[in-house]
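*Asks:* I would like to see how this sequence folds:
(one chain, ligands or ions: 1)
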Amino acid sequence: MSAYHRPRTLDDALAIRAATGALPLAGGTDIHPLRTARAAWGEPWTIPVLDLSAVPGLDGITETAQGWRIGARTTWTAIAEAPLPPLFDGLRAAAREVGGRQVQNRGTIAGNLVTASPAGDGIPNLLVLDAMVELSSSSGTRRLAVADFVTGYRATVLAPGEIVTALLVPRCDGGRGRFEKLGARRYMVISIAMAAAVIRCDGSRILDARIAVGACSPVARRLPMLESALRGAELTQAARIPGIAHLAPLAPIADIRASAEYRADAVLVLLRDLLAGFTA
Ligand SMILES: Cc1cc2nc3c(=O)[nH]c(=O)nc-3n(C[C@H](O)[C@H](O)[C@H](O)COP(=O)(O)OP(=O)(O)OC[C@H]3O[C@@H](n4cnc5c(N)ncnc54)[C@H](O)[C@@H]3O)c2cc1C
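*Replies:* Have a look, this model is predicted:
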């Protein structure tokens, strides 16, 4: 039996994390399946757990002068139901597609980010929102861009004494988001490929576009060449623009869900659908 801590203040949580290195537990929708799988292979769970459920101040979304603060423990259901501007339409669409209702009611945005799965539906959306991760420890707080926080396949720079306390999304006046996910079926499915976008337009012309793709590289990636090709384009023509050359940052692999070739083809279709959806 491993130690189980359930502190009631953030200071206590950070002190326990610093002293014991206990694993933060939010919704448990990644941790519990892992623990069960290990047990099935005869590996008892010995890692101390730091249950964050009683720590105040980690829930919910607040608007600030600079943008939005999404508490680390904010669930997918809370995101899907929040009265957010169109900038968040992609993140909210992803929230409605993470597992089923039970998973959405428990699973959190920070849990998705820290698991850092290539198929994590939240991550491309956080990339196009230009979100920062707020990391707290006993010695203070630091902020990092999501792209600098997730460094590889299920790898982040979360330090042993740190907890994610929030995701910070800057204002983007007139920004609109979208998200497209491809799986083997419509719902309750891990992504084969996914794409997220935030665009800003001046009338019918695209001023800025931020585009990211997930599940086609060890870490979800922005597509800077596609973003520059879209800048200045007519929105009605945007779906014609994505081409193979724009996918250079990606490295699709073959796995149980799809071949590398299928992923490369599918992601282009997904990007075209994603952009066409802004005029639908
Ligand atoms: C049936 C099922 C279907 C699923 N479908 C999808 C899907 O379609 N798309 C998808 O992206 N994911 C899916 N998932 C995975 C999972 O639900 C999400 O990744 C979820 O957002 C994880 O959040 P959690 O709060 O449950 O994380 P937890 O399991 O509590 O934690 C996950 C990781 O994050 C760390 N962590 C959590 N909170 C913090 C914090 N505040 N600070 C530091 N570290 C922290 C934990 O230590 C752990 O390493 C599915 C899971 C299940 C069981």
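
*Asks:* List the buried residues of the lowest-mean-pLDDT helix or strand in the chain.
*Replies:* For the chain, using mean pLDDT, DSSP states H and E, the weakest element among its helices and strands is helix 31-40, scoring a mean of 91. Across helix 31-40, burial judged by 16 or more other Cβ atoms under 10 Å covers 31, 35. For every residue, glycine as well, the C-beta is placed using N, CA and C.

*Asks:* Now do the SS call for residue 161.
*Replies:* Secondary structure, DSSP: H, G, I helix; E, B strand; the rest coil: residue 161 is coil.

*Asks:* Name the helix or strand for whatever residue of the stretch 1-150 of the chain ends up closest to the ligand, please.
*Replies:* As assessed by Cβ to the nearest ligand atom, the ligand sits closest to residue 111 within the stretch 1-150 of the chain, at 2.2 Å. Assigned by DSSP states H and E, residue 111 belongs to helix 109-115.

*Asks:* Now the element after that helix, going C-ward?
*Replies:* Taking DSSP H and E, what comes next after helix 109-115 is helix 122-128.

*Asks:* which of the residues in that following helix are buried?
*Replies:* Buried residues in helix 122-128 (16+ other Cβ under 10 Å): 122-128.

*Asks:* what does whichever helix or strand comes after that helix rub up against?
*Replies:* Downstream of helix 122-128, the first helix or strand assigned by DSSP H and E is strand 132-137. Strand 132-137 is contacted from outside by 10, 14, 17-18, 72, 113, 141-146, 149, 158-159, 161-168, 170, using Cβ atoms under 8 Å, 6 or more residues apart in numbering.

*Asks:* Just the buried residues of the residues you listed.
*Replies:* 10, 14, 17-18, 72, 113, 146, 149, 158, 161-168.

*Asks:* Is residue 189 in a helix, a strand, or coil?
*Replies:* coil.

*Asks:* From what I see, it and residue 215 are in contact.
*Replies:* No. Look at residue 189 against residue 215 with Cβ atoms under 8 Å: they stay out of range, at 11.3 Å.
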